[in-house]
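> Any chance you can model this:
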Amino acid sequence: MKRKVLILICCLMAVCVGVQAQKSSKLGPMPSDVSVVYFCSEITPENILKLYDALNVTLSPEVKVGLKVHFGEKGNQNFLNPELLHPLVDKVHPTFVETNVLYVSDRRFTKSHIALAKEHGFTFAPIDILDDEGETIYPGDDNFQFCKTVRTGDHFENYDYYIIYSHFKGHGSSGFGGAIKNVGMGMASPGGKMAIHANNYPKVRTPDKCFQCNRCASQCPAVAISVDDNGPVIDTTKCIGCAKCIAECPLKLFTPDNSGYDETRFLDKLVEYTKVLKDHRPMAFINVMANISTTCDCSAKAPKPFMRDIGAVASLDIVAIDQACQDLTSKAYGCEHVFQDVNHVSGMEQLQYAEKLGMGHTKYILIDVATGKQITLDEAVKQTEPKK
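Below you'll find the model as predicted:
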């Protein structure tokens, strides 16, 4: 017990050191409501390590580090290449951590989940499925709107520090998925995932346009969709609100159903789960903006990326890092909220609610890890433009 307390104190001190480093005099005086986000335009294993090093987090060898990743659904072609993590793993010696999913797939059960992870190349660090032996339940915050409890895997407490490594891309229900979703949904137990998704049923718009490819029905993990001459029909007594149909339909006939349902509820639940888990363990965050599809890595047949790669970022502020990714991808795409345009959900509620709960800041400065100098969004995006 004393060891755990000592290690946690060391971890918290490391975070404080990192925060001070990010706001050092080298960058000049900074307002208290502004965070630092480090950026690199070239996505390489060496640059992922540079981003982590820029955070200036020093951990002793006794600290057990969990590296939260997404192993990718079987058949998914967009999940991040695990080789990007090799130098970071060599330095930190973490364990790859994940949780089992709610729907039926290889990632539903620990044995097949680990086998798939190894098949996808995650072979150079130990793997731990956090809910393998059950779940831990934490009480929610008094200020929460929805979550009275938060459910995670009972191995969550086995780690003293977490590095949250997130693939920033689209998602049918949350607009985009970044660090907040990777913690809130990605570290929830299956029971927690069900609580977050509860009542988040999709609807079918213009069902008469359906040409009966049956992709929605065949990919529905809850077997909640049937297709007849009038188009798709959703059985809400079976639907788990996972949004797979939204991602799979080639005609985009499915959309979140906000009738009689607060459209922000799903996003707010994600944030509430994230806050509780983040409050229980110190974390650092790395987001990679590559293979940016409209849907997440849980999709077995995800659409191809709809825009170019933008780079990677790191921060100790979970709000600032997702805000920076939203801004960078939108700037490169040429609009204010790219995921509002492609998924009809902006996802900004995640950031606004998280800031309201004191989890971080939407204001940030961008530092180029190659030069150590502050850069603008325009300058960052310009680095990612194809060479003529």
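
> show me what contacts the closest residue to Ile129 other than its chain neighbours?
Distances taken as CB to CB, 6 or more residues apart in numbering place Thr110 nearest to Ile129, at 4.5 Å, with adjacent residues excluded. No exception for glycine: its C-beta is placed from N, CA and C like everyone else's. Going by CB atoms under 8 Å, 6 or more residues apart in numbering, Thr110 touches Asn100, Ile129, Asp132.

> What is the nearest of the residues you listed to Val150?
Relative to Val150, the closest of those is Asn100; by CB to CB it sits at 16.6 Å.

> What is the three-state secondary structure of the closest residue in space to Arg281 that isn't next to it in sequence?
In space, Arg281 comes closest to Tyr162 once its chain neighbours are excluded; the distance is 5.5 Å by CB to CB, 6+ apart. Secondary structure assignment for Tyr162 (DSSP: H, G, I helix; E, B strand; the rest coil): strand.

> What is the burial count for Tyr162?
Residues contacting Tyr162 under the criterion other CB atoms under 10 Å number 25.

> quick check, distance from the helix or strand that contains Ser226 to the centre of its chain.
Per DSSP states H and E: Ser226 is located in strand 225-228. Put simply, strand 225-228 sits 31 Å off its chain's centre (CA atoms, centre = their mean, to the nearest Å).

> Could you give me the buried positions within that strand?
In terms of neighbour count (16 or more other CB atoms under 10 Å), strand 225-228 has its buried residues at Ile225, Val227.

> repeat for stretch 215-230
For stretch 215-230, the neighbour count (16+ other CB under 10 Å) marks Arg215, Cys216, Ala217, Gln219, Cys220, Pro221, Ala222, Ala224, Ile225, Val227 as buried.

> which residues touch the closest residue to the fourth one other than its chain neighbours?
Take Gln219 and drop its neighbours on the chain: the residue closest to it by CB to CB, 6+ apart is Glu248, 4.6 Å away. Under the criterion of CB under 8 Å, 6+ apart, the contact list for Glu248 reads Arg215, Cys216, Gln219, Ser299, Lys301.

> all strands of the stretch 151-300 of the chain, in order?
For the stretch 151-300 of the chain, the strands defined by DSSP state E, counting those that start in this stretch occupy 161-167, 169-171, 175-177, 202-204, 225-228, 231-234, 254-256, 283-289.

> Around the residue nearest to Thr362 when sequence neighbours are not counted, count how many other residues there are.
Take Thr362 and drop its neighbours on the chain: the residue closest to it by CB to CB, 6+ apart is Gln323, 4.7 Å away. As a burial measure, Gln323 scores 26 neighbours (other CB under 10 Å).
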